[in-house]
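Engineer: just need the structure, nothing else, for what follows:
(2 chains)
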Amino acid sequence: MSTAAAKRTPLYEQHAELGAKLVPFADWEMPVTYEGIREEHSAVRRHAGMFDVSHMGEVEVEGPGALAFLQRALSNDVTKIAIGGAQYSCLCQEDGGVLDDLFAYRLGGDRYLVVTNAANHEADLAWLGRQSRGFDVIVRDVADRYAMLAVQGPHARAVLGSALGIELPSRFRVSHVRVGRRPALACGTGYTGEDGVELLIDPEVAAPIWSELLDAGVVPCGLGARDTLRLEVCFPLHGNELTPERNPIEAGLGWCCKEATDFIGSEAIARARAEGTAEKLVAFEIEGQGIPREGNPVLHDGEPAGIVTSGTFAPSLELGAGMAYVKSELAEVGTAIEIDVRGKHRPARIASKPLYDAKRS
Amino acid sequence: MADATYPDDLRYHEEHDWARIEGDQATLGITWYAQDSLGEVVFFDPPEVGATIQKDSSYAEVESVKAVSDVIAPLSGEIVEVNDALQDNPEKVNEDPYGDGWLVKIRLTSPEEAETLLGGAEYRKMLDR
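Structural biologist: Here you go, the predicted structure:
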């Protein structure tokens, strides 16, 4: 832990007032839950929840060379983002290791915004700055310019649209709107598997907007529910499923890597795709009792077979579930494995992704 | 979950466990403070009946959605009963930590250990420090 005081979002007072449990998270003091993770989780699955994700970072990339630079820095084909579009990418190093995973939004012709994970923001910024040399582009840290609010759930759009009176973007689109009489961005993205919107708003209007949504019946949700929601739909988390030691192919993110664009890491990733990887990221469910946790060993026929990267009690499935890297030959759906949960070998089975499908349920 | 309560008829261990001593037996559980810090309990992994447990050592685990917590034995003894109802309704640990949310019953092997435990007022004072 650093000795510096934890950073607080513009909504810190609101969290404290609601009696949130606050925990340190990537230099920030963040709400992990208000009324209970299960309640918050199910509010997002059934109605609408809101998350203060102002700890996430924003980097603006602007200039005539913006497209060429991002095409080099990001794994996806950035030319495919129309103005007002959004796209998911990995940020890779030369050996294909994943420095971060992020959304890039095209705000204008030569203007993009990338949203970084809080823990990686400073490192991403430095990396992007270094890689931008030789491109006619400005890379700007604009994290202080935005508070970020994720409003998610089947009713999120309806509630948000009527409470704020704004036109909402469709999925994977971003629109310029006004929130609290200030310019804001509404993004049709999220991290829960449910429909919803992520708002990037002026920090000064964050508190009144939060209160307005609270009054409209949107349930405040903490990082605890954010984690169980994303895990049920198998969205990877950087630091768990994604690390500089793993490439996107083994993480199952080959779909957002377009090696033909010659991005940093593309050669290593093309090789991994062609040759296959020793391990693959899988989703699994415990059969019977036990809750897997990050770091638990995976066994197959009593032999070491991999490691759990994220594990939890999955509230919508009502069982222990998680994601793990396992030997590629075991990565098939249905394979019986065991998770060593603090010495107890819990039977489990590799399951298809996502573990929970919002559209099916 | 109601407000914090620490009944005076129980004995408390600093690691946030309680014991209700009745003759040579005791019922054990976790305190209001412990269940509140942990959050919604979703799994209780009990010891087996007949197992011996040692004061100040972990004898079971309770898990919330996010975290695992060792349960520390406030007294030494032999497990004579575990609360099987918690398998289907672990949330009772939150709803009624001193009643339906009890964890195990033990036969005491060192009843004199009870003298080292705290009363309700003392435990509350410890929490306030």
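Engineer: tell me, what residue is most central in the chain?
Structural biologist: I'll assume chain A. Nearest residue to the geometric centre of chain A (Cα atoms, centre = their mean): A:Y191, 5.3 Å.
Engineer: think we crossed wires, I meant chain B
Structural biologist: B:G29 (1.9 Å).
Engineer: the helix or strand hosting that residue: what's the following helix or strand?
Structural biologist: Counting by DSSP states H and E, the element that carries B:G29 is strand B:25-30. With elements assigned by DSSP H and E, the helix or strand that comes after strand B:25-30 is helix B:32-38.
Engineer: so which elements touch the next helix or strand after that following helix?
Structural biologist: Sequence-wise, the next helix or strand downstream of helix B:32-38 (DSSP H and E) is strand B:41-45. Judged by 3 or more Cβ pairs under 8 Å, 6 or more residues apart in numbering or on different chains; DSSP states H and E, strand B:41-45 is in contact with strand B:58-64, helix B:92-95. (Glycine included, C-beta is placed from N, CA and C.)
Engineer: for those, give me JSON lines that also has distance to A:I264, mean neighbour count and mean pLDDT.
Structural biologist: Shown next, in JSON lines, are those (distance: least, Cβ to Cβ, whole Å; neighbours: other Cβ atoms under 10 Å in any protein chain shown; pLDDT from 0 to 100):
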{"stretch": "strand B:58-64", "distance to A:I264": "41", "mean neighbour count": "22", "mean pLDDT": "96"}
{"stretch": "helix B:92-95", "distance to A:I264": "49", "mean neighbour count": "20", "mean pLDDT": "96"}
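Engineer: what's the first-to-last distance across stretch A:8-20?
Structural biologist: 14 Å (Cα to Cα, to the nearest Å).
Engineer: A:I307 sits in which helix or strand?
Structural biologist: strand A:303-314.
Engineer: before we move on, the earlier item: can you classify the nearest residue to the residue nearest to the centre of chain A once chain neighbours are set aside by secondary structure?
Structural biologist: Nearest residue to A:Y191, sequence neighbours excluded (Cβ to Cβ, 6 or more residues apart in numbering or on different chains): A:R230, at 4.9 Å. Using DSSP: H, G, I helix; E, B strand; the rest coil, the structure places A:R230 in helix.
Engineer: cool, the one 4 residues further on as well?
Structural biologist: Per three-state DSSP, the local secondary structure of A:C234 is coil.
Engineer: same question for stretch A:334-354, mean pLDDT?
Structural biologist: Across stretch A:334-354, pLDDT averages out at 97.
Engineer: contacts for that stretch next, please.
Structural biologist: For stretch A:334-354, the external contacting residues (Cβ atoms under 8 Å, 6 or more residues apart in numbering or on different chains) are A:193, A:232-234, A:252, A:282-293, A:296-300, A:302, A:305-306, A:308, A:311, A:320-322, A:324, A:326, A:330-333, B:45, B:61, B:68.
Engineer: inside helices: which ones of those residues?
Structural biologist: A:E232 (DSSP state H).
Engineer: what segments of chain B are strands?
Structural biologist: Secondary structure of chain B (DSSP state E): strands located at B:11-13, B:17-22, B:25-30, B:41-45, B:52-53, B:58-64, B:68-72, B:77-82, B:104-108.
Engineer: for chain B, which residues are neighbours of chain A?
Structural biologist: B:39-40, B:42-43, B:45, B:61, B:63-66, B:68, B:87 (Cβ under 8 Å from any Cβ of the partner chain).
Engineer: just the buried residues from those, in PyMOL please.
Structural biologist: Entered in PyMOL, the line below selects the buried ones among these, by 16 or more other Cβ atoms under 10 Å in any protein chain shown:
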select buried, chain B and resi 39+40+42+43+45+61+63+64+65+66
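Engineer: which of the residues of chain B next to chain A sit farthest apart?
Structural biologist: B:K66 and B:Q87 (20.4 Å; Cβ to Cβ).
Engineer: who's in contact with the closest residue to chain B within the stretch 1-150 of chain A?
Structural biologist: The minimum distance from the stretch 1-150 of chain A to chain B, using Cβ to the nearest Cβ, falls at A:I37 (4.3 Å). A:I37 makes contact with A:222, A:224-225, A:228, A:315, B:39-40, B:64-66 under the criterion Cβ under 8 Å, 6+ apart.
Engineer: so which strand or helix has the residue nearest to the centre of chain A?
Structural biologist: Assigned by DSSP H and E, A:Y191 falls outside every helix and strand.
Engineer: now swap in A:A68 and tell me
Structural biologist: helix A:66-73.
Engineer: quick one, helices of chain A?
Structural biologist: A:12-17, A:37-46, A:66-73, A:121-131, A:156-164, A:206-215, A:223-232, A:266-275.
Engineer: so which of these is nearest B:T5?
Structural biologist: Across those, closest to B:T5 is helix A:37-46 (Cβ to Cβ), at 22.3 Å.
Engineer: could you pull up the mean pLDDT of the closest one?
Structural biologist: 97.
Engineer: buried residues, that helix. List them.
Structural biologist: Result for helix A:37-46 [16+ other Cβ under 10 Å]: buried residues A:37-45.
Engineer: same question for stretch A:206-224.
Structural biologist: Going by neighbour count (16+ other Cβ under 10 Å), the buried part of stretch A:206-224 is A:206-207, A:209-210, A:212-213, A:216, A:218-224.
Engineer: got it, and stretch A:109-117?
Structural biologist: By 16+ other Cβ under 10 Å, the buried positions in stretch A:109-117 come out as A:112-117.
Engineer: can you check stretch A:159-172 too?
Structural biologist: A:159-160, A:163-164, A:166, A:168-169, A:172.
Engineer: any chance of those residues in CSV, plus distance to chain B and pLDDT?
Structural biologist: Below are the buried residues of stretch A:159-172 laid out as CSV (distance: Cβ to the nearest Cβ, whole Å; pLDDT from 0 to 100):
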residue, distance to chain B, pLDDT
A:V159, 25, 96
A:L160, 26, 94
A:A163, 29, 95
A:L164, 31, 94
A:I166, 33, 89
A:L168, 30, 92
A:P169, 32, 95
A:F172, 30, 96
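Engineer: possible to save those residues as CSV with distance to A:G63?
Structural biologist: Output for the buried residues of stretch A:159-172, formatted as CSV (distance: Cβ to Cβ, whole Å):
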residue, distance to A:G63
A:V159, 38
A:L160, 33
A:A163, 37
A:L164, 32
A:I166, 29
A:L168, 29
A:P169, 25
A:F172, 24
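Engineer: which among those gets closest to B:G120?
Structural biologist: Taking Cβ to Cβ as the measure, B:G120 sits nearest to A:V159 out of the buried residues of stretch A:159-172, at 45.2 Å.
Engineer: quick one: contacts for the closest one?
Structural biologist: A:V159 neighbours (Cβ under 8 Å, 6+ apart): A:48, A:151, A:213, A:216-218.
Engineer: repeat the analysis, applying 7 Å as the threshold.
Structural biologist: By Cβ atoms under 7 Å, 6 or more residues apart in numbering or on different chains, the contact list for A:V159 reads A:48, A:216-218.
Engineer: of the strands of chain B, which is nearest A:R182?
Structural biologist: A:R182 lies closest, by Cβ to Cβ, to one member of these: strand B:58-64, at 38.7 Å.
Engineer: can you state the direction angle for that closest one and strand B:25-30?
Structural biologist: 40 degrees (axes from the mean of the first three to the mean of the last three Cα atoms, to 10 degrees).
Engineer: ok, A:A66 to A:N117 distance?
Structural biologist: Relative to A:N117, A:A66 is positioned 21 Å away (Cβ to Cβ, to the nearest Å).
Engineer: now swap in A:G19 and tell me
Structural biologist: 27 Å.
Engineer: next, count neighbours for the closest residue to A:P220 other than its chain neighbours.
Structural biologist: Distance criterion Cβ to Cβ, 6+ apart; nearest residue to A:P220, sequence neighbours excluded, is A:Y34 at 5.0 Å. Neighbours of A:Y34 under the rule other Cβ atoms under 10 Å in any protein chain shown: 19.
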